[in-house]
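S.K.: what shape does this take:
(one chain, ligands or ions: 1)
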Amino acid sequence: MILLRMSYLCTQILNKSMTFNDLGLRSQVVKAVTDMGFEQPTPIQQEAIPHLLKSKSDFVGLAQTGTGKTAAFGLPLVNRITESRKYPTGLIICPTRELCLQIAKDVQNYSKYEKASTVEAVYGGADIQRQIKNIKRGVSIIVATPGRLVDLIKRKAIQLNEVEVVVLDEADEMLNMGFKEDLDFILSATPEEKSTWLFSATMPKEVARIGKTYMTDPLEVSIGNKNEGNANIDHIYFSVKERDRYAALKRLIDFNPKIFGLVFCRTRRETQQVAEKLGKEGYSAEALHGDLSQAQRDRVMNLFRNRSIQLLVATDVAARGIDVDDITHVINYNLPDEVENYTHRSGRTARAGNTGESLVLINTREKYKINQIEKIIGQKFTAAEIPGPEAICAVQLESMIDKVKATKVNEEEIAPFIPHILADLEGLSKEEVIKKFVSAEFNRFLDYYKKAGDLNAKASDRGGDDRGRDRGRRRDRGRTDENKQRFFVSLGEKDGLNPGGLLRVICDATGLKSDTIGRIDIMPAFSFFDADKADTDKILAQVHGADFEGKSMNIEKTADKSKGGRSRGGSRGGSRSGGDRRSGGRGRSGSRSGSSRRR
Ligand code: AMP
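M.R.: As a prediction, this is how the structure comes out:
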């Protein structure tokens, strides 16, 4: 195997003067990419295209999403097709419907001046009969998701005997998604002598195995080290107490008024809850997860793509294949269970040579995960502090003033109202008018942050985030309160539950304020908590069955409150710092500067 490895930045500098004309593409293809506004080939294009044009050998391209790999395989593929044939010559397989549509669109654009090159996207969730009809008409390039392609092969609706090139795009993702058997089946339906071009962001063992099984002496081009993250991404983590995770998320968003970002959550339920809460509080956010229908997912993706929303709150699976450029931030509300998935998450920003930030919220016990990820991506994280109220207010004010300055005045439309407005404001100085307008827009925001505290967990909070609180409340131990009901919870310390986490689940599920929850006792395999008796039915109905990190939480009333638990922990109560309690006190009108609703 020939190894041709070089760093992304290094290659960029090395071939700065190279143009698409230098790669050996036919003039029609160069014209098409020039029409698309591409001036210079990206490093992966510079490395891959000349080789794929000249050689019939197999190829492995290791490159992050957003580095231009679609054109790296799409252009040489289109370049090959000079005559119309009845059966496909090129087959591109990719993990998701979104990616499938995007690749098909790109390849169509590259084929703009090539009559012989026709493209059809085949993917699940769409009318298969229509796809069959289009294939029968004769297409030269098929872009497919594995499941639908297997279906078409089994129905004998597609003929792959004449395929000359198979592209496996995002091979690591396809294997992650359990498409290994489908890929085996598809590849066995294609001719032995074809060329296989495999593209992957990471090189886990399973992908290397595909290479070994299906490819002969491939040329391997790696932009960056294997499994390495994109060097244009800043990785930053913030340590917060578990109970402050949501308030911290809001601060990160507020501190970046121009954010166009992806927020990753671990479960569908958490994704939905975070998006809903953000939406209710005036943020421009929508959820994307597997419980949504295809039509709902399409709607949300379209809103995000055309920037009608600023934030997409998504699960790892639902966000696969998201190919939106200019994403400024990826926020990891929680780290993924499989730390390897972090590369895919963060790779959604800093596409096409842009820079981006990947922000991670961790609780005090998750620092070791940061170390694991650093090893995988070969990059260091910066530890940063969640911005305080003053800094956020300053940024928001500045953003609002910028917006005001950039606002175009429609002189004609506004003219009839001006005399009346001026008469109303008579007697106020210019400074007073400015102050009043700014306050009208900004007071709600200032009020929200007025009493907001510091959300950063200190080193001394380590492991004591919740334990410390427990200790402080031991004096409450054994105290009974006839207005409280004690509940049994089926999850405990072994399941990763801590008082902050339990509190979050209860409050998220019920909408109850955290200070209505009393003593919390986390035992190794189960837990207890006290809550106001009046809320008993609500808690049983809404917390029972709630999801905690993929596990269902069962709740029961304990028969006698005094028997519940060993009272190892203390009661909750007292004041909490952080924003949750204040939620709802801000931005409902959607008047927040920079992140108001645009739906
Ligand atoms: P990809 O990695 O193929 O998803 O490409 C990421 C983004 O970069 C897409 O929006 C492409 O249209 C864009 N792109 C790809 N190649 C180039 C190029 N040579 N010059 C400018 N933009 C490009």
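
S.K.: what strand or helix carries the most far-flung residue of the chain relative to its centre?
M.R.: In the chain, the greatest distance from the average C-alpha position (CA atoms, centre = their mean) is reached by G427, at 51.4 Å. Per DSSP states H and E: G427 is located in neither a helix nor a strand.

S.K.: and the helices in the stretch 451-599 of the chain?
M.R.: All helices of the stretch 451-599 of the chain, identified by DSSP state H, counting those that start in this stretch, fall at 464-472, 499-510, 536-543.

S.K.: swap in the stretch 251-400 of the chain?
M.R.: Assigned by DSSP H, counting those that start in this stretch, the helices in the stretch 251-400 of the chain fall at 268-280, 294-305, 316-319, 341-346, 367-377, 389-406.

S.K.: contacts for stretch 417-434 next, please.
M.R.: Contact with stretch 417-434 is made by K436, as judged by CB atoms under 8 Å, 6 or more residues apart in numbering. Quick note: C-beta positions are derived from backbone N, CA and C, even for glycine.

S.K.: dump that stretch to PDB, restricted to CA.
M.R.: Below are the C-alpha coordinates for stretch 417-434, written out as PDB (Å, rounded to 0.1, in the frame of the first residue of the first chain):
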ATOM      1  CA  PHE A 417     -45.700  57.800  10.800                       C
ATOM      2  CA  ILE A 418     -42.800  60.100  11.600                       C
ATOM      3  CA  PRO A 419     -44.600  63.300  12.400                       C
ATOM      4  CA  HIS A 420     -46.700  61.500  14.900                       C
ATOM      5  CA  ILE A 421     -43.800  59.700  16.500                       C
ATOM      6  CA  LEU A 422     -41.700  62.900  16.700                       C
ATOM      7  CA  ALA A 423     -44.700  64.700  18.400                       C
ATOM      8  CA  ASP A 424     -45.000  61.900  20.900                       C
ATOM      9  CA  LEU A 425     -41.300  62.000  21.800                       C
ATOM     10  CA  GLU A 426     -41.100  65.700  21.900                       C
ATOM     11  CA  GLY A 427     -39.300  67.000  25.000                       C
ATOM     12  CA  LEU A 428     -37.000  64.000  25.300                       C
ATOM     13  CA  SER A 429     -33.300  64.500  24.500                       C
ATOM     14  CA  LYS A 430     -31.500  62.300  22.000                       C
ATOM     15  CA  GLU A 431     -29.800  60.500  24.800                       C
ATOM     16  CA  GLU A 432     -33.000  59.800  26.600                       C
ATOM     17  CA  VAL A 433     -34.600  58.500  23.500                       C
ATOM     18  CA  ILE A 434     -31.700  56.100  22.900                       C
END
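
S.K.: how about it: buried residues?
M.R.: Within stretch 417-434, no residue counts as buried by 16 or more other CB atoms under 10 Å.

S.K.: comparing the helices of the stretch 251-400 of the chain, which comes out most buried?
M.R.: Compared across the helices of the stretch 251-400 of the chain, helix 341-346 shows the largest average neighbour count, a mean of 24 (mean count of other CB atoms under 10 Å).

S.K.: that helix and the ligand in contact?
M.R.: No - judged by CB under 6 Å from any ligand atom, helix 341-346 makes no contact with the ligand; its nearest approach is 13.3 Å.

S.K.: adding mean pLDDT, write the helices of the stretch 251-400 of the chain out as JSON lines.
M.R.: JSON lines is the format used below for the helices of the stretch 251-400 of the chain (pLDDT from 0 to 100):
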{"stretch": "helix 268-280", "mean pLDDT": "94"}
{"stretch": "helix 294-305", "mean pLDDT": "90"}
{"stretch": "helix 316-319", "mean pLDDT": "84"}
{"stretch": "helix 341-346", "mean pLDDT": "86"}
{"stretch": "helix 367-377", "mean pLDDT": "87"}
{"stretch": "helix 389-406", "mean pLDDT": "85"}
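
S.K.: what does the pLDDT read for the residue farthest from the centre of the chain?
M.R.: G427 carries a pLDDT score of 90 in this model.

S.K.: go on, S200?
M.R.: Note for S200: predicted pLDDT of 87.

S.K.: burial count for it?
M.R.: When neighbours are counted by other CB atoms under 10 Å, S200 registers 26.

S.K.: separation between it and A104?
M.R.: Distance of S200 to A104, computed by CB to CB, to the nearest Å: 20 Å.

S.K.: can you pull the contacts of the residue nearest to L278 when sequence neighbours are not counted?
M.R.: The shortest distance from L278 to any non-neighbouring residue, by CB to CB, 6 or more residues apart in numbering, is to A285 (4.0 Å). With contacts defined as CB under 8 Å, 6+ apart, A285 is in contact with 263, 274-275, 278-279, 309-313.

S.K.: what's opposite A285 in the beta bridge?
M.R.: Judged by DSSP bridges, the bridge partners of A285 are L311.

S.K.: could you do K557 as well?
M.R.: Bridge pairing for K557 - DSSP bridges - gives F487.

S.K.: show me what contacts it?
M.R.: By CB under 8 Å, 6+ apart, K557 lies in contact with 485-488, 536, 540.

S.K.: where does the stretch 351-500 of the chain have low pLDDT?
M.R.: The model of the stretch 351-500 of the chain has pLDDT under 70 over residues 352-353, 459-481.

S.K.: can you give me the distance of the residue farthest from the centre of the chain to the ligand?
M.R.: Noted for G427: a distance of 54 Å to the ligand, by CB to the nearest ligand atom, to the nearest Å.

S.K.: equivalent analysis for I506, please.
M.R.: Counting by CB to the nearest ligand atom, the gap from I506 to the ligand is 42 Å.

S.K.: tell me, how many residues neighbour that residue?
M.R.: Neighbour count of I506, defined by other CB under 10 Å: 26.

S.K.: excluding its backbone neighbours, what's nearest it?
M.R.: V543 (5.5 Å).

S.K.: where exactly do the strands run in the stretch 151-300 of the chain?
M.R.: Secondary structure of the stretch 151-300 of the chain (DSSP state E, counting those that start in this stretch): strands at 165-168, 195-200, 219-223, 233-239, 261-264, 285-288.

S.K.: same check on the stretch 401-550 of the chain?
M.R.: All strands of the stretch 401-550 of the chain, identified by DSSP E, counting those that start in this stretch, fall at 484-489, 517-522, 527-532, 546-548.

S.K.: how about the stretch 201-350 of the chain: which residue is closest to the ligand?
M.R.: Nearest residue of the stretch 201-350 of the chain to the ligand (CB to the nearest ligand atom) works out as D325 at 4.6 Å.

S.K.: which residue packs closest to that residue, ignoring adjacent ones?
M.R.: R351 (5.1 Å).

S.K.: measure that neighbour to T70 for me?
M.R.: From R351 over to T70 the distance is 11 Å, taken as CB to CB.

S.K.: so for stretch 377-384, what gets flagged as buried?
M.R.: With burial defined by 16+ other CB under 10 Å, the residues of stretch 377-384 counted as buried are 377, 379, 381, 384.

S.K.: isn't the residue of the stretch 201-350 of the chain closest to the ligand right up against T349?
M.R.: No - checked against CB atoms under 8 Å, the pair D325 and T349 is beyond contact range at 9.7 Å.

S.K.: and this structure, which residues reach the ligand?
M.R.: So far as CB under 6 Å from any ligand atom goes, the chain lies against the ligand at 38, 40-42, 45, 65-71, 323, 325, 351-352.

S.K.: and those residues, which are buried?
M.R.: Among the residues of the chain next to the ligand, those classed as buried by 16+ other CB under 10 Å are 38, 41-42, 45, 65-71, 323, 351.

S.K.: which of the contacts of A285 lies closest to V143?
M.R.: Of all these, the one with the least separation from V143 (CB to CB) is L312, at 23.5 Å.

S.K.: who touches the closest one in this structure?
M.R.: By CB under 8 Å, 6+ apart, L312 lies in contact with 261-263, 285-286, 288, 300, 304, 319, 322.

S.K.: and it, how close does it get to L101?
M.R.: Going from L312 to L101 by CB to CB gives 17 Å.

S.K.: for stretch 482-492, buried residues please.
M.R.: Residues of stretch 482-492 classed as buried by neighbour count (16+ other CB under 10 Å): 484-492.
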